[in-house]
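Trainee: Kindly generate the corresponding structure for this input.
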Amino acid sequence: MSKRRISEQQKRRIELIHNQRRQRAQDTASQTTSDNLGPEQPGRVITQFGKTLIVEANNGELIHCTIRQNLGAVVSGDFIVWQPSRENSGVVVAVESRTSLLQKPGFGGKLKPMAANINQIVIVTSVVPEPNPYLIDRYLVAAENLPATPIILINKIDLLNDENKNTIETLKTLYTNLGYRVINASFVIDQGFSQLLQSLQNQTSIFVGLSGVGKSSLIKHLLPDMDIRIGELSAASGEGTHTTTHSTLYHLAQGGDLIDSPGVRDFGLWNMSAQDILQGFREIKPLAAQCRFSDCAHENEPDCALLHAVEEGKVRKQRFVNYKKMLAEYASIRS
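Mentor: Numbers count the residues shown, from 1 in each chain. Model prediction:
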């Protein structure tokens, strides 16, 4: 006698019952675990080791925490609620609302959270290698949409010479006139660090920039005991001397926090709209609304306010070109 086939509707019904039973079992286990936990208390995520977090309690103690399954991704910089489970360990039971979330594309193009609650981005460029204005503008667009206050730091200013001086001065004038803070810095001649430290106070900052601009050296200069801190985090994680490959939050001696994030240079314009890109060009945004046509592409349309502004020198041609290039890049990602 042949076996009776199960219909698709019956399959879905069976799967639903299994899922409901599984969820009830998880809820029961969760409730049992909750009964053994201490009182809820606030904390902040410092870093992640594997599937566990290092959380800083209000008293500064580092706590090794697991995460409730229903919370989703929890990252460095997150303000959380945790409950102690046993000595120097606990469970993260809630994540506070974020003011910002830095993400980059992961496998399959899915966005992967990197760090949270950043309110300042330090865009590091340098005299050598020569600054890349398009990359700077990409970071500015990302900062404006995060949202976070951007600072442009021109490193290795001691390498200025007759050949590159005009390029650097033009760059600084351009962004200063747009209202951005630009800092010239150099280890060699000890310039710019008092300004930088002042800007970092009472902020949660992250440094971005291409390889070779001195970003890592800057961070080590600001965090001379960074290796010691990494050792403390490793000890708190119970992972021996292994170091984390995730973002890590450090406290600056002069005040403020700095998040060091491997791969941070990869974040950018993913999941952004044309309007988001326009938001990052503060001198172009009001002009785009003044064109005769609401869907003006700023190519050769009559009465294009943006093209007129470029012709009259009110908008730098380089910024306009970068804006158009970014829109084309966005369109190719979306297509």
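
Trainee: and stretch 290-299, how far out from the chain's middle?
Mentor: The chain centroid and the centroid of stretch 290-299 are separated by 32 Å, computed with Cα atoms, centre = their mean, to the nearest Å.

Trainee: start the count at 27, not 1, going forward
Mentor: Got it, the first residue is 27 from now on, which makes the last one we talked about stretch 316-325.

Trainee: Now do the contacts for the residue most central in space within the chain.
Mentor: Here the mean C-alpha position of the chain is nearest to the C-alpha of Leu128 (Cα atoms, centre = their mean), at a distance of 2.9 Å. Leu128 is in contact with Pro139, Met140, Ala141, Ala142, Ile144, Leu172, Ile232, Ser287, Val290, Phe293, counting by Cβ atoms under 8 Å, 6 or more residues apart in numbering. Where you see a C-beta, it was placed from the backbone N, CA and C, and this is true even at glycine.

Trainee: excluding its backbone neighbours, what's nearest the fourth one?
Mentor: Right, Ala142. Nearest non-adjacent residue to Ala142, counting by Cβ to Cβ, 6 or more residues apart in numbering: Gly103, 4.2 Å away.

Trainee: Next: the second one.
Mentor: If the residues on either side of it in the chain are set aside, Met140 comes closest to Leu128, at 4.7 Å by Cβ to Cβ, 6+ apart.

Trainee: what's that neighbour sitting at in phi/psi?
Mentor: With angles defined as degrees, to the nearest 10, Leu128 sits at phi -90, psi 130.

Trainee: Would you quantify the distance from it to Ala141?
Mentor: Leu128 sits 5 Å away from Ala141, going by Cβ to Cβ, to the nearest Å.

Trainee: intersection of neighbour lists for those two?
Mentor: Ile232, Ser287, Val290.

Trainee: May I ask which of those residues has the most neighbours?
Mentor: Neighbour counts for those (other Cβ atoms under 10 Å) peak at Ile232, which has 27 neighbours.

Trainee: what is the rounded mean pLDDT of the helix or strand hosting Leu179?
Mentor: Secondary structure assignment for Leu179, by DSSP states H and E: strand 175-181. For strand 175-181, the per-residue pLDDT values average out at 98.
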